[in-house]
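Trainee: okay, here's the prediction I keep looking at, along with the sequence it came from:
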Amino acid sequence: MGSMLKYIVRAVVLLSVTILLCFLVALGVVLLSQAVHASTSTPNRPNSLGLDEVYTNPNVYLFAVIACQGDGDCSILTDEKGRKYTNLKFQPYNTMELYAEPVLFCDNVAEFFNGKSGPLVITYRRQATLKYRGLGCHELDSVFEVHAQ
């Protein structure tokens with residue numbers, strides 16, 4: 001009976017040590033993964049002038065024609081705080097005729113498009129700055145006409 005009790009105690013001690021070692025290995029893996037976690041975006045670094053250099057392009061360039069059909073799909077919207085938004089639809093170059101890309105711009109940007117027709121290059125900020133009913137709006141930078149030669 002005494003030798004059987006010895007084996008049981010040894011088994012319990014061995015099982016306890018094994019569980020403790022597994023816990024310590026798992027904890028080490030978690031801590032190591034947190035320590036070597038790499039960010040997908042490169043942080044801005046100062047250049048020789050002391051200014052931050054951005055290593056990602058913050059702009060979207062859309063080469064398209066305006067695809068508003070007059071059925072309310074392109075409009076000026078106002079939220080409950082009185083802020084204006086411009087909802088426009090574009091047909092990008094070299095896409096199917098039925099494909100349209102909607103873009104919500106912050107503010108009333110109609111003056112950027114006044115007098116412009118045909119193919120346009122629209123430049124706007126990639127990251128949304130505000131939200132209109134849960135949809136992000138983008139800051140419009142420029143609109144250029146593309147003339148055929």
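Mentor: Sure thing, it's come through. Numbers count the residues shown, from 1 in each chain.
Trainee: CA only for contacts and neighbour counts going forward, please
Mentor: Fine.
Trainee: around Val146, count how many other residues there are.
Mentor: Residues contacting Val146 under the criterion other C-alpha atoms under 10 Å number 14.
Trainee: elements contacting the helix or strand containing Tyr85?
Mentor: For Tyr85, the host element (DSSP states H and E) is strand 84-92. Where contact means 3 or more C-alpha pairs under 8 Å, 6 or more residues apart in numbering; DSSP states H and E, strand 84-92 is packed against strand 59-66, strand 75-78, strand 101-106.
Trainee: okay, these in JSON lines with mean pLDDT next?
Mentor: Listed next are these as JSON lines, based on pLDDT from 0 to 100:
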{"stretch": "strand 59-66", "mean pLDDT": "94"}
{"stretch": "strand 75-78", "mean pLDDT": "92"}
{"stretch": "strand 101-106", "mean pLDDT": "94"}
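Trainee: if we can go back for a sec, now find how far off-centre the strand holding Tyr85 is within its chain.
Mentor: Relative to the centre of its chain, strand 84-92 is centred 19 Å away, using C-alpha atoms, centre = their mean, to the nearest Å.
Trainee: and for stretch 64-76?
Mentor: 25 Å.
Trainee: again, but for stretch 137-148
Mentor: On the basis of C-alpha atoms, centre = their mean, stretch 137-148 sits 21 Å off its chain's mean C-alpha point.
Trainee: repeat that for stretch 98-107.
Mentor: On the basis of C-alpha atoms, centre = their mean, stretch 98-107 sits 16 Å off its chain's mean C-alpha point.
Trainee: gap between the two ends of it?
Mentor: 27 Å (C-alpha to C-alpha, to the nearest Å).
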